[in-house]
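**Q** Following is a predicted model, sequence given first.
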Amino acid sequence: MNKSVSWGLRAVTGIAAAATVGALGVMGAGAASADTLCQTAGDSGFTAAVVAHPGQKITNKTVDATGCDVGIYVDVPNVTINGVTVTGANAAGILAEATSHLTITRSTVDGNGFNAPAAPYPPGTPPVAGQLDQAFAISLFGVSHATVSRNTVYNNGRGGIGVMDNGPFDPGRVVGLPTYDHNFSVTDVTVERNTLWANYNGCAIVTSAFNEGNTVSNIAITRNVIKGTGFVGGADVGGIVAQSNGPDSVVSNIDISRNTVTNSVEGGVIVHAAAPGSSTRNVSVTRNVLSGNGLGNGSGDRPDSTVGVVVDSLLAGPLGQANINTVVSRNTISNQFYGIWTQGPDAPTVSRNDITVTAGGTPIYGMN
């Protein structure tokens with residue numbers, strides 16, 4: 001296992017000042033086409049084909065966001081998106097930030113995220129002014145009390161579904177523009193029964209805390225089906241990630257259960273305390289079906305490093321990060337060299353998993 005690999009996200013060790021890129025409202029990811037009316041997306045620096053209003057129900061329509069940075073932008077409460085197709089956005093298909101009580105259900109998000117001037121893959125390379133730091137097909141940044149359910153998310157250029165905090169480090173804003181001066185923690189989000197494939201250069205489903213001292217808690221990631229497709233449009237990183245990325249941040253009470261993850265470029269499920277003093281707490285990885293994941297951690301030619309579940313608190317060195325009370329149980333893991341791979345002093349509780357490994361492999365492997 002390559003200890004230097006990054007698990008799909010960059011750890012934030014400090015908020016650096018970025019260069020000014022212009023006034024708010026200036027589009028950060030390309031000019032609008034003549035036949036698409038793009039609106040200013042709040043203070044994000046992007047434009048959007050649709051900007052939601054408080055309490056709005058956006059239903060049963062196709063949003064062609066060609067020429068716009070975002071398909072649907074939400075920064076107000078009590079919005080429902082149902083039965084919608086979102087396609088063609090330069091960056092995120094749906095971008096919601098600093099709000100609450102959002103429902104996204106029975107929608108299709110495809111063909112977005114291929115034209116953003118995004119921070120380059122692999123993560124770990126600092127962004128430059130004008131770039132978008134994170135741009136999942138469905139991006140929830142600083143959004144609490146939300147449900148993302150029964151959607152089809154495929155053929156997007158920056159990953160699938162992201163649930164993250166917001167604050168001075170704002171993953172949904174043009175790098176270099178002014179950001180929030182206080183943290184938005186995240187709680188009570190359900191991501192369930194979605195189908196995802198071919199979402200390149202990012203993970204399929206991520207829950208993460210980026211801002212220093214911030215929290216992301218009470219997240220349920222359940223009954224999703226994720227099918228990795230390799231390297232057709234970049235690395236289809238795939239997988240499900242729970243990760244603390246900001247110094248002293250906490251990601252807690254995360255339920256990752258009854259998902260099916262196959263052929264992800266990285267591990268099937270990753271629990272990672274990445275930043276100094278940060279922690280993951282009470283993460284439960286149960287009853288998932290995982291097969292053929294971690295295909296060389298991006299190289300595509302290292303079957304000896306395929307892995308079903310990763311629990312890690314030492315990837316960036318022993319800087320006070322910890323995995324506390326991680327449970328890995330009742331998963332069915334097959335076609336992996338390592339069934340469960342752990343690193344760090346905080347070993348997970350492992351029980352009642354059905355693990356079948358490839359030739360020479362190890363069902364449960366731990367490093368301190």
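**A** Here it is on my side, so go on. Residues are numbered from 1 along each chain as shown.
**Q** secondary structure element for the most centrally placed residue in the chain?
**A** Taking Cα atoms, centre = their mean as the criterion, residue 206 is the residue nearest the geometric centre of the chain, at 2.9 Å. Using DSSP states H and E, residue 206 maps to strand 203-209.
**Q** which residues are contacting stretch 149-158?
**A** Applying Cβ atoms under 8 Å, 6 or more residues apart in numbering, the contact partners of stretch 149-158 are 91-93, 103-116, 118, 134-138, 160-161, 190-202, 233-234. For glycine as for every other residue, the C-beta is placed from the backbone atoms N, C-alpha and C.
**Q** List buried residues within the residues you listed.
**A** 91-93, 103-105, 107-116, 118, 134-138, 160-161, 190-202, 234 (16 or more other Cβ atoms under 10 Å).
**Q** what distance separates the start and the end of stretch 154-168?
**A** Length of stretch 154-168, first residue to last, Cα to Cα, to the nearest Å: 30 Å.
**Q** wait, stretch 237-252
**A** Start and end residues of stretch 237-252 are separated by 23 Å (Cα to Cα).
**Q** surely residue 320 meets residue 277?
**A** Yes: Residue 320 lies in contact with residue 277 (Cβ atoms under 8 Å); the separation is 4.4 Å.
**Q** These two: which is more packed in?
**A** residue 277 (17 against 14; other Cβ atoms under 10 Å).
**Q** The residue nearest to the centre of the chain contacts residue 171, doesn't it?
**A** No: between residue 206 and residue 171 there is no contact under Cβ under 8 Å: 10.3 Å.
**Q** before we move on, the earlier item: mind listing what the helix or strand that comes right after the strand holding residue 206 pairs with, with the direction of each?
**A** Sequence-wise, the next helix or strand downstream of strand 203-209 (DSSP H and E) is strand 215-222. Partner strands for strand 215-222, per DSSP bridges, with pairing direction: strand 186-192 (parallel), strand 250-257 (parallel).
**Q** can you redo those as a markdown table with distance to residue 79 and mean pLDDT?
**A** Output for these, formatted as a markdown table (distance: least, Cβ to Cβ, whole Å; pLDDT from 0 to 100):
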| stretch | distance to residue 79 | mean pLDDT |
| --- | --- | --- |
| strand 186-192 | 14 | 98 |
| strand 250-257 | 24 | 98 |
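**Q** Ranking the ones you listed by mean neighbour count, which comes first?
**A** strand 250-257 (a mean of 23; mean count of other Cβ atoms under 10 Å).
**Q** Give me the pLDDT for the residue nearest to the centre of the chain.
**A** Reported pLDDT at residue 206 in the predicted model: 96.
**Q** repeat for residue 306
**A** Per-residue pLDDT puts residue 306 at 87.
**Q** Run a quick neighbour tally on it.
**A** By the criterion of other Cβ under 10 Å, residue 306 has 27 neighbours.
**Q** dump the residue contacts of it.
**A** 292, 293, 294, 295, 296, 335, 336, 337, 338, 358.
**Q** cutoff 6 Å now
**A** Applying Cβ atoms under 6 Å, 6 or more residues apart in numbering, we find residue 306 in contact with 294, 336, 337.
**Q** How about residue 261?
**A** Residue 261 neighbours (Cβ under 6 Å, 6+ apart): 226, 239, 268, 290.
**Q** Name the member of those with the most neighbours.
**A** residue 268 (34 neighbours).
**Q** in the protein, what spans have low per-residue confidence?
**A** For the chain, the stretches with pLDDT under 70 are 1-36, 116-133, 231-234, 295-304, 315-317, 368.
**Q** The longest strand belonging to it - contacts with which helices or strands?
**A** Secondary structure of the chain per DSSP state E: the longest strand is strand 354-367. Counting contacts by 3 or more Cβ pairs under 6 Å, 6 or more residues apart in numbering; DSSP states H and E, strand 354-367 is packed against strand 332-343.
**Q** Mind listing residues that contact the strand it packs on?
**A** For strand 332-343, using Cβ under 6 Å, 6+ apart, the contacting residues are 289-292, 304, 306-312, 314, 328, 354-358, 361-367.
**Q** Buried ones among the residues you listed?
**A** Counted by 16+ other Cβ under 10 Å, the contacts of strand 332-343 give 289-292, 306-312, 314, 328, 355, 357, 361, 363-365 as buried.
**Q** Helices of the chain, residue ranges please.
**A** Using DSSP state H, the chain contains no helices.
**Q** Could I get the contacts of residue 306 in a markdown table, plus columns for distance to residue 66?
**A** As requested, the contacts of residue 306 are exported to a markdown table (distance: Cβ to Cβ, whole Å):
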| residue | distance to residue 66 |
| --- | --- |
| 294 | 35 |
| 336 | 40 |
| 337 | 43 |
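**Q** quick check, nearest of these to residue 183?
**A** Nearest to residue 183, judged by Cβ to Cβ, of those is residue 294 at 32.5 Å.
**Q** ok, the residue lying closest to that closest one once chain neighbours are set aside to residue 346 distance?
**A** Spatial nearest neighbour of residue 294, excluding adjacent residues (Cβ to Cβ, 6 or more residues apart in numbering): residue 307 at 4.1 Å. As for residue 307, its distance to residue 346 is 18 Å (criterion: Cβ to Cβ, to the nearest Å).
**Q** Does residue 197 have any beta-bridge partners, and if so which?
**A** Per DSSP bridges, the residues bridged to residue 197 are residue 154, residue 227.
**Q** Now do the same contact list for it.
**A** Shown in contact with residue 197 (Cβ under 6 Å, 6+ apart): 154, 227, 229.
**Q** Report the buried members of these.
**A** Counted by 16+ other Cβ under 10 Å, these give 154, 227, 229 as buried.
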